[in-house]
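Engineer: Pasting the sequence and the predicted model now:
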Amino acid sequence: MAFESADHAKAYWKENLSLMLKLLFVWALVSFGFGIFLVDVLNHVQFFGFKLGFWFAQQGAIYTFIVLIFIYIRQMNKLDKKYQVDEE
């Protein structure tokens with residue numbers, strides 16, 4: 001992976017870190033916020049026959065994490081192409 005300049009490398013990593021922080025925020029919100037802290041409030045809502053807080057704690061956080069992985073892959077491929085460091 002060779003960048004055109006040090007400025008391109010710095011901008012690339014800045015965008016990469018920004019993306020990671022956004023995705024980590026979503027993961028923390030779903031895992032800790034919905035699955036732990038707001039579980040009592042969410043349990044008043046039914047989702048596929050289960051209490052929503054329970055569902056987030058048991059399944060929703062896992063599904064969200066898998067979706068976040070695919071979002072990260074797609075966004076990083078776009079970022080690699082933008083800075084011309086893709087593998088193709």
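Structural biologist: Noted; the coordinates are in hand.
Engineer: The residue most central in space within the chain and residue 49, how far apart?
Structural biologist: When C-alpha atoms, centre = their mean is applied to the chain, the residue found nearest the centroid is residue 23 (2.9 Å). Distance, residue 23 to residue 49, using C-beta to C-beta, to the nearest Å: 30 Å. (Glycine included, C-beta is placed from N, CA and C.)
Engineer: Just the strands from this protein, written as ranges.
Structural biologist: 46-47, 50-51 (DSSP state E).
Engineer: Residue 65: which of these is closest?
Structural biologist: Closest of the strands of the chain to residue 65 is strand 46-47, at 17.7 Å (criterion: C-beta to C-beta).
Engineer: For that closest one, give the mean pLDDT please.
Structural biologist: In this model, strand 46-47 has an average pLDDT of 84.
Engineer: How about stretch 60-69?
Structural biologist: The pLDDT scores in stretch 60-69 average 93.
Engineer: can I have that stretch written out in CSV, keeping just the CAs?
Structural biologist: Provided in CSV are the C-alpha atoms of stretch 60-69 (Å, rounded to 0.1, in the frame of the first residue of the first chain):
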residue,chain,number,x,y,z
GLY,A,60,-30.0,-7.9,18.3
ALA,A,61,-26.4,-7.0,19.3
ILE,A,62,-25.0,-9.9,17.4
TYR,A,63,-26.9,-9.1,14.3
THR,A,64,-26.0,-5.5,14.5
PHE,A,65,-22.3,-6.4,14.9
ILE,A,66,-22.4,-8.6,11.8
VAL,A,67,-24.1,-5.8,9.8
LEU,A,68,-21.4,-3.3,11.1
ILE,A,69,-18.7,-5.6,9.8
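Engineer: what's the most buried one of the strands of the chain?
Structural biologist: Mean neighbour count (mean count of other C-beta atoms under 10 Å) peaks for strand 50-51 among the strands of the chain, with a mean of 16.
Engineer: So for that strand, mean pLDDT?
Structural biologist: For strand 50-51, the per-residue pLDDT averages 87.
Engineer: Now do the contacts for residue 79.
Structural biologist: Applying C-beta atoms under 8 Å, 6 or more residues apart in numbering, we find residue 79 in contact with 12, 15-16, 19.
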